[in-house]
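[1] heads up, no residue letters with this:
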């Protein structure tokens, strides 16, 4: 495996990603879309998910493709970001045809970022506008860290953020991941100086700090997150994607396999207080070489996701009134 040219999920040809955020709010939205509907399914392993339109992604449901996927801050308020995306896509003539009507299919998932120091006393829900803006910003290049859905994200010990990574397989197939990392657990080892995902790093993409040399079990230090947050919800939400043609059932299997990457990068993962969810998408641009390729894609998706989670924390930047430090500021790195 090697990273794609951009080391972003948009190395999967045809995909575009857009971010929009409000730095005063300390929250935002990220949208993944393509020029044509794409196959998609999902897998939830956290105990506190917040979602919209995910039932349609089950393999036995009739909708074959989606027009966009939305990752958003704002807890349940953030689900409204998908409405802004849906409205904009409708105006573009996109959507699932139902006789003379068209209905854009826009599944979404949210993170809880309501207690991160941002001003949340809005009069009108800001997320539909953020969703519309994120879609308008969609392109093949985009920023990581404290942007989009990762703007107000936090981990147990540091600011979280938006991360992405990709790989090109020996077959030529491309796999990528996009994540808003906001877990109960820690992305760094108990020393606070190394990433759990270090064994999977490619090309120094999150500092080349290497694995933690400490051997044996080391208990995690007390979480810096507020106790109130532990009692509510946190969540890491992600999209993994490939250009290999997959069915919805195969997308479901890839989404399930990709959760291995979440567990490798976050300790603990999939807790009762996280809504950990992964969408898996296929653009179908490349025929499948063999049924065994699904296993390879699932493994690659897990590796990409672990790397993307570490990149999210590595790329986070400080802001006024933050309740947690960034990893790099605490380490004295620029």
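    Ah, there it is. What you see is a predicted model; the values in this text were computed from it and never measured.
[2] low-confidence stretches in the stretch 201-334 of the chain?
    Using pLDDT under 70 as the threshold, the predicted model of the stretch 201-334 of the chain has low-confidence ranges 222, 224-233.
[3] enumerate every residue touching the residue nearest the centre of the chain.
    Of all residues in the chain, the one closest to the mean position by C-alpha atoms, centre = their mean is residue 179, 1.9 Å from it. Applying C-beta atoms under 8 Å, 6 or more residues apart in numbering, one finds that residue 179 lies in contact with 162, 163, 164, 236, 237, 238, 239, 305, 308, 309, 312. Glycine gets a C-beta too; all of them are placed from N, C-alpha and C.
[4] let's see that with 10 Å instead.
    With contacts taken as C-beta atoms under 10 Å, 6 or more residues apart in numbering, residue 179 has the following neighbours: 9, 30, 71, 144, 149-150, 153, 160-165, 236-240, 258, 261-262, 265, 278, 304-312.
[5] which ones among those lie within strands?
    Counting by DSSP state E, the contacts of residue 179 place 30, 71, 161, 162, 163, 164, 165, 237, 238, 239, 240, 278 in strands.
[6] make TSV from those and add distance to residue 136 and neighbour count to it.
    Conversion of these to TSV gives the following (distance: C-beta to C-beta, whole Å; neighbours: other C-beta atoms under 10 Å):
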residue	distance to residue 136	neighbour count
30	13	33
71	16	30
161	22	33
162	17	31
163	22	36
164	19	28
165	25	34
237	21	33
238	23	31
239	19	31
240	24	31
278	26	28
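[7] can you list those residues in TSV and add distance to residue 84?
    Written out in TSV, the entries for these read as follows (distance: C-beta to C-beta, whole Å):
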residue	distance to residue 84
30	13
71	14
161	22
162	18
163	23
164	22
165	27
237	18
238	21
239	18
240	24
278	23
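[8] all helices of the protein, in order?
    Taking DSSP state H to define them, one finds helices in the chain at 81-91, 127-136, 227-230, 248-265, 293-314, 327-331.
[9] for those helices, which one ends up most surrounded?
    Neighbour counts averaged per stretch over the helices of the chain are highest for helix 293-314, at a mean of 27; criterion: mean count of other C-beta atoms under 10 Å.
[10] quick one: buried residues of stretch 8-22?
    By 16 or more other C-beta atoms under 10 Å, the buried positions in stretch 8-22 come out as 8-12, 14-22.
[11] what does stretch 265-275 give?
    By neighbour count on 16+ other C-beta under 10 Å, the buried set for stretch 265-275 is 265, 266, 267, 269, 270, 271, 273, 274, 275.
[12] just curious, which of those residues is nearest to residue 56?
    Residue 56 has its nearest neighbour among the buried residues of stretch 265-275 in residue 275, at 18.2 Å by C-beta to C-beta.
[13] against residue 264, how distant is the closest one?
    Counting by C-beta to C-beta, to the nearest Å, the gap from residue 275 to residue 264 is 19 Å.
[14] could you pull out the strands for the stretch 1-150 of the chain?
    Taking DSSP state E, counting those that start in this stretch as the test, the strands found in the stretch 1-150 of the chain are 15-22, 27-44, 51-52, 66-72, 96-98, 101-103, 108-110.
[15] mind checking which of those is nearest residue 247?
    Distance to residue 247, taken as C-beta to C-beta, is lowest for strand 27-44 among the strands of the stretch 1-150 of the chain, at 6.8 Å.
[16] a markdown table for the helices of the chain, including distance to residue 60?
    Below are these laid out as a markdown table (distance: least, C-beta to C-beta, whole Å):
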| stretch | distance to residue 60 |
| --- | --- |
| helix 81-91 | 23 |
| helix 127-136 | 28 |
| helix 227-230 | 36 |
| helix 248-265 | 9 |
| helix 293-314 | 18 |
| helix 327-331 | 42 |
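[17] for the ones you listed, which one sits closest to residue 99?
    Of all those, helix 81-91 sits nearest to residue 99, with 15.5 Å by C-beta to C-beta.
[18] tell me which other helices or strands that closest one touches.
    The criterion is 3 or more C-beta pairs under 10 Å, 6 or more residues apart in numbering; DSSP states H and E, and the helices and strands that helix 81-91 contacts are strand 15-22, strand 27-44, strand 51-52, strand 66-72, strand 101-103, strand 108-110, helix 127-136.
[19] can you say which of those is nearest to residue 216?
    When those are compared for distance to residue 216 using C-beta to C-beta, the nearest one is strand 27-44, at 31.8 Å.
[20] quick check: mean pLDDT across the closest one?
    Confidence for strand 27-44, expressed as mean pLDDT, is 97.
[21] looking at the buried residues of stretch 8-22, spot the one nearest residue 285.
    Nearest member of the buried residues of stretch 8-22 to residue 285, counting by C-beta to C-beta, is residue 14, at 6.2 Å.
[22] quick one: low-confidence ranges for the stretch 1-150 of the chain?
    In the stretch 1-150 of the chain, no residues with pLDDT under 70.
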